[in-house]
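1. sequence and predicted structure, then a few things I'm wondering about:
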Amino acid sequence: MSVEFESRKSVITPEGVFIIGTYDENGVPNAMNAAWGMQSEMGEITLMLGKHKTTENFEKTGAFTVAFGTVDTVVISDYFGVESGKNVNKIERAGCHTHPSAHVNAPIIEEYPLTLECRVKSWNAETGFLIGEIVASQADEAILTDGKVDLAKLRPVIFDAAICAYRTVGEVVGMAFKDGLALK
Ligand SMILES: Cc1cc2nc3c(=O)[nH]c(=O)nc-3n(C[C@H](O)[C@H](O)[C@H](O)COP(=O)(O)O)c2cc1C
């Protein structure tokens, strides 16, 4: 027997913990948390956003960064989602450190070990769809194994929409484009 949920209570899983970094017109860094996002092309990320300080910022700069929430950054990541840069300098309040990204006019937040540097490819303020071209990404050496991002070292978290929680990403349970071949 199955249980039916009304559409607004439907759970989509996994959802991400995307930390969007931007500068305002004075070069003040800001960060917000977004769960609604995904890869939409090779080298492209799409995020669904309401109106925020973040959107005001990238409307001016044409750029943003996306870092990934981790076990070590849960508290600051949640804070970036419950306070607005319109009220306070969240980066300072969170005790974070930033430097300009190498390729776009947006901050790298040093507390996060993996960050995408994105140029605004398209932004529709009516629908809230932001498409970013990923120009480059920066990873701390500490989260690499044989030159590849190692999720076991990164320890990313996902957003659990069923109970509004952050959860760890677990162990490898199969190999993609491979395990299914057994049934081909
Ligand atoms: C877990 C979580 C997920 C969120 N996901 C989104 C999202 O996908 N899109 C969105 O527009 N806002 C989302 N928010 C809300 C923004 O992060 C929040 O409004 C934030 O204060 C905006 O910051 P800013 O005004 O400094 O840009 C989320 C918040 C939390 C805590």
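-> Now that the structure is in, tell me what you want to look at. In this text, all values refer to a predicted model and were calculated from it rather than measured experimentally.
2. what's the burial count for residue 143?
-> Per other CB atoms under 10 Å, the neighbour tally for residue 143 reads 19. All C-beta atoms are positioned from the backbone trio N, CA, C, and that covers glycine.
3. go on, residue 157?
-> Here the number of neighbours of residue 157 (other CB under 10 Å) works out to 22.
4. now tell me what touches the strand or helix carrying residue 59 from outside.
-> Taking DSSP states H and E as the definition, one finds residue 59 inside helix 53-61. Contact with helix 53-61 is made by 20, 22-25, 30-32, 49, 64, 84-86, 105-106, 120, 123, 125, 130, as judged by CB atoms under 8 Å, 6 or more residues apart in numbering.
5. could you rerun that using 6 Å?
-> Counting by CB atoms under 6 Å, 6 or more residues apart in numbering, the neighbours of helix 53-61 from elsewhere in the structure are 20, 22-25, 30, 32, 49, 64, 84-86, 105, 120.
6. residue 167 reaches residue 156, doesn't it?
-> No - distance between residue 167 and residue 156: 10.0 Å, which falls outside the contact criterion (CB atoms under 6 Å).
7. more neighbours, those two?
-> It is residue 156, of residue 167 and residue 156, that has more neighbours when counted by other CB under 10 Å, with 20 against 14.
8. show me the beta-bridge partners of the more buried one.
-> On the basis of DSSP bridges, residue 156 is bridged to residue 70.
9. so what's it up against?
-> When contacts are counted by CB under 6 Å, 6+ apart, residue 156 touches 68, 70, 169.
10. just checking, the first one touches residue 113?
-> It stands for residue 68. No - taking contacts as CB under 6 Å, residue 68 lies outside contact range of residue 113: 8.2 Å.
11. for the residue in the chain that the ligand sits nearest to, give its distance to residue 123.
-> Evaluated by CB to the nearest ligand atom, the chain has residue 81 as its residue closest to the ligand, separated by 2.6 Å. Using CB to CB, to the nearest Å, residue 81 is found at 20 Å from residue 123.
12. for this structure, what lies in contact range of the ligand?
-> Neighbours of the ligand within the chain, by CB under 6 Å from any ligand atom: 30, 32-36, 48-50, 52-54, 78, 81-86, 159.
13. of these, which belong to helices?
-> 53, 54, 78, 81, 82 (DSSP state H).
14. now, the most widely separated pair of these?
-> The span of those, defined through CB to CB, is set by 53 and 78 at 16.8 Å.
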